[in-house]
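K.L.:
Provided below are the primary sequence and the corresponding predicted coordinates.
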Amino acid sequence: MDTISLGVNQGNEDQFIIWIIIAYLMTIVIFYLLKKSKGKNNPTNTKSDKVQPSKTEKRNDKQNEYIDNKPNKLSQCFTSMQNNTPDRKPIIIAKPPIILTETIQDEKTKPLNPKYIGYSPINIFVQTEPLNYPYVIMPSKLNCVIKFPQKGRTKRKGYKEEEFLQFLQKYFKDTFKIYDDQYVLAKVNKYEPDFSLLNEKDGINIFLDIEIDEPYEGINDISARNATHFQYADINRNNEFKNRGWIVVRFAEIQIHQNPMGCCRFVSDVIKSIYPQFAIPPNLTTIKCVEPIQQWTKEIALYWSKQKYREQYLGIEQFGYISETIGTKITIIQDEDVEKEVIDDKFIIISEKAPKSLPIQNNISIAIQTGKYISFKYEQEKTIVKPSANNGHIMTGYCYVKNNIREFEISKMENIHLKDNYCTLSLSFDKLGINNVANVMNIIIPNHKYVRMEYTRREWNSILVDSYTGKLINNKTEAETCIRTISNIQLDTEGWGENYIHAYCHKREDERTFYFARISLLEILNL
C-alpha cells in the first residue's frame, strides 16, 4: 500500500502531539475549576456531596421543627425582617431554646450559673410575732442564692393591684424592672407575687416581692368567702422566698388604699437600708409614713367578712363579677442547680384556730422560766423587760428602756407579748461609723423606732462666776460612756448640723443632742 504523506516531517509531528496533550489537560483544569466555583455558590450540591444526618441530628431537626412552629416574639421578629428584605438570601439564625419563651428578663436567658444577692441583708424593719403591717422579711443569709421568677399568672388580681402598680411604676421604674405576671417555683410550691421588683445592676441583685394582704376574699357571696393572710398564714411562704434570695414586703390593703404614697415611701426605706446608693424619689421624702396596723386573726377576718369591712373602707357596694377564665397559661421549669443550694426552714403547720393570748401571770412565769422577754405598755409608754421575779402584784426585771432594774404593777401592764430577744437589730462598733449610723438613722426616724445605744459623752469645761465672790470657777465635766435609750428621734438640722440627732433620752428624761461618731453600739428595741 502506498503511504500518504501528510506534508510534515517527524519532528513537526511530535510537536503537534504535544500541543494536543497540553490543550486536553488545560480543558480538564478549566472544567474542574468551573465545577468547584459552582459548588461554592450553590449550597444544594449533588447527592454525592451530601452527608447523611446522624440520629442525634435527626432529633435536633425535630426539636427545631417544633420550635419553628411555636410562636414567639423572637422568631416573629426574624420572620418579619426576612419578609421585608427584598432580593436577599435567607438568613440562617440559631433557634433559641424553648425556655426563652417562658422566662423573663426581656427575652434574655436566665444566668447559666446561679446568681447571689449582692448586699448585706440587715433588716432594720424586722418584727416578731404578732406582726404589724407593713412588715419585711429579708433573705436568710449573706450571699444567698437567688431563684429567678418565670412568666405566668393564674390567680385573680386583688382589688387594689392595678391602681398600686401605677404608683410603683411611677417611683421605681428607673431602678427596677417591675412585673405583675410572674411566679416563683420552690421545691414543691408555686407562688405568684403581687408585684416583683428586680434590680440586677452592678451585681446588687435586689429581688422584691411586694404583697397586698386582704383579710378575706373579694367575692360577693359571704357564705363562700375564706379568711386570708391572718396571723401565721403566710409564714411558710415568706420563709421559702427569703431562702431563695427575695425580700418580702407586706402591706394591709387598707394601707394601700388610704396612703399609697406612704407605702411607696416605706418600700423606698427598705431599699435604702440595704442599698445606700439608692436615691429616694424627691416626691416621697416629705410623705407621711404609713401607719402600722396589727395583723388580724382568722376569727377577726371572718367577722369582718360578715360586716363587709373591706367594702366599707374601699367605698364600694360589692366587688363585681370576675370571669372564671383568669390568668395566663404557664409552663413550669425546674431550676435544680439553685434548689440544690437552698436550705429551707422546717415547715410549720398552721393551726386552724388562732392561738389564744395567755393570762399576764402565765406570760410572766414563762418568761422567767425560759429566759425570754416581755414587751408591753406601762402607763402609756412602750417598754421591754427581762423579768426576774413576780409576787403576783409586782413584776421585777431589767428594763431596756430605762436600762436599770425596775418594778412594775402587773395591773397596769397592757398589750403583753413574749419575745425571744429584746432587740431586732444590733450593730457593733465595727459595723458603725458616721456614714453607717446616718443611713440607719434616716430609716429609723420616719418609722419611729426606739434606739438603745452605747454613747460616749466628751469631756468639756465651762467657766462659771461665783455670784458672791465674783471669782471664776472652772466647771469640768468628765467624759462618760453609758447605755442610753432614745425615742422621738429627729435630725438636728437647725442645731449642730448633719451627723447629729435630737431625741428624747430616757436616761436623762429630757431632750438631748447626740453625735453619730460617738455611738459605739446601736440596737433597735423589739417593741
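P.N.:
Everything's here; your move.
K.L.:
Within its sheet, name the partner strands of the lengthiest strand in the chain and how each one runs.
P.N.:
For the chain, the longest strand by residue count, based on DSSP state E, is strand 480-491. Within its sheet, strand 480-491 is paired with strand 451-457 (antiparallel), strand 500-505 (antiparallel), according to DSSP bridges.
K.L.:
For the residue lying closest to residue 189 once chain neighbours are set aside, give me its contacts.
P.N.:
Leaving aside its sequence neighbours, residue 189 sits nearest to residue 240 (C-beta to C-beta, 6 or more residues apart in numbering; 6.6 Å). Yep, even glycine has a C-beta here, placed from its N, CA and C like the rest. Taking C-beta atoms under 8 Å, 6 or more residues apart in numbering, we find residue 240 in contact with 186, 189, 191, 344.
K.L.:
quick one on the thing from earlier: list just the one of the strands paired with strand 480-491 that sits closest to residue 216.
P.N.:
Set against residue 216 and scored by C-beta to C-beta, the strands paired with strand 480-491 come closest in strand 451-457, at 37.3 Å.
K.L.:
How far away from the center of its chain is the closest one?
P.N.:
Distance of strand 451-457 from its chain centroid, counting by C-alpha atoms, centre = their mean, to the nearest Å, is 32 Å.
K.L.:
now stretch 386-406: mean pLDDT?
P.N.:
Averaged over stretch 386-406, pLDDT sits at 93.
K.L.:
Distance of the spatially most central residue of the chain relative to residue 278?
P.N.:
The centroid of the chain falls nearest to residue 208 when counting by C-alpha atoms, centre = their mean (2.2 Å). Note on residue 208: its distance to residue 278, by C-beta to C-beta, to the nearest Å, is 12 Å.
K.L.:
Please enumerate the shared neighbours of the two.
P.N.:
Joint contacts of residue 208 and residue 278 (C-beta under 8 Å, 6+ apart) are residue 271.
K.L.:
Residue 115: what's its closest spatial neighbour, skipping adjacent residues?
P.N.:
Once flanking residues are discounted, residue 115 sits nearest to residue 146: 4.8 Å by C-beta to C-beta, 6+ apart.
K.L.:
my guess is the one you found contacts residue 205, does it?
P.N.:
Yes - in this structure, residue 146 is within contact of residue 205 by C-beta atoms under 8 Å, at 6.0 Å.
K.L.:
what do these two both touch?
P.N.:
115, 116, 117, 245.
K.L.:
So in terms of bridging, what pairs with the second one?
P.N.:
Using DSSP bridges, the bridge partners assigned to residue 116 are residue 145.
K.L.:
Identify the residues contacting it.
P.N.:
For residue 116, the contact set (C-beta under 8 Å, 6+ apart) comprises 143, 144, 145, 146, 205, 245.
K.L.:
for the third one, same thing?
P.N.:
Residues counted as contacts of residue 117 (C-beta under 8 Å, 6+ apart) are 139, 142, 143, 144, 146, 205, 206, 207, 245.
K.L.:
got a pLDDT number for the second one?
P.N.:
According to the model's per-residue confidence, residue 142 sits at a pLDDT of 87.
K.L.:
Is there a neighbour count for it? I'd like the number.
P.N.:
10 (other C-beta atoms under 10 Å).
K.L.:
Could you measure from it over to residue 514?
P.N.:
30 Å.
K.L.:
how about the helices in the chain?
P.N.:
Under the criterion DSSP state H, the chain contains helices at 10-41, 55-69, 73-83, 161-172, 235-242, 253-258, 260-274, 298-307, 309-314, 336-339, 360-370, 434-444.
K.L.:
and this protein, what are its domains?
P.N.:
According to automatic domain parsing, the chain comprises the domains 15-44, 55-96, 132-339, 360-421, 424-525.
K.L.:
Output these in TSV; the columns should cover distance to residue 350.
P.N.:
Converted to TSV, the domains of the chain look like this (distance: least, C-beta to C-beta, whole Å):
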stretch	distance to residue 350
domain 15-44	65
domain 55-96	40
domain 132-339	5
domain 360-421	19
domain 424-525	23
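K.L.:
Just name the most buried of the ones you listed.
P.N.:
Compared across the domains of the chain, domain 132-339 shows the largest average neighbour count, a mean of 17 (mean count of other C-beta atoms under 10 Å).
K.L.:
picking up where we left off before, tilt between the longest strand of the chain and helix 434-444?
P.N.:
Angle, strand 480-491 to helix 434-444, by axes from the mean of the first three to the mean of the last three C-alpha atoms, to 10 degrees: 50 degrees.
K.L.:
How far off centre is strand 480-491?
P.N.:
That offset, for strand 480-491, works out to 31 Å (C-alpha atoms, centre = their mean).
K.L.:
just stretch 506-523 next, same as before
P.N.:
Computed by C-alpha atoms, centre = their mean, the chain-centroid distance of stretch 506-523 equals 32 Å.
K.L.:
Now do the end-to-end distance for that stretch.
P.N.:
15 Å (C-alpha to C-alpha, to the nearest Å).
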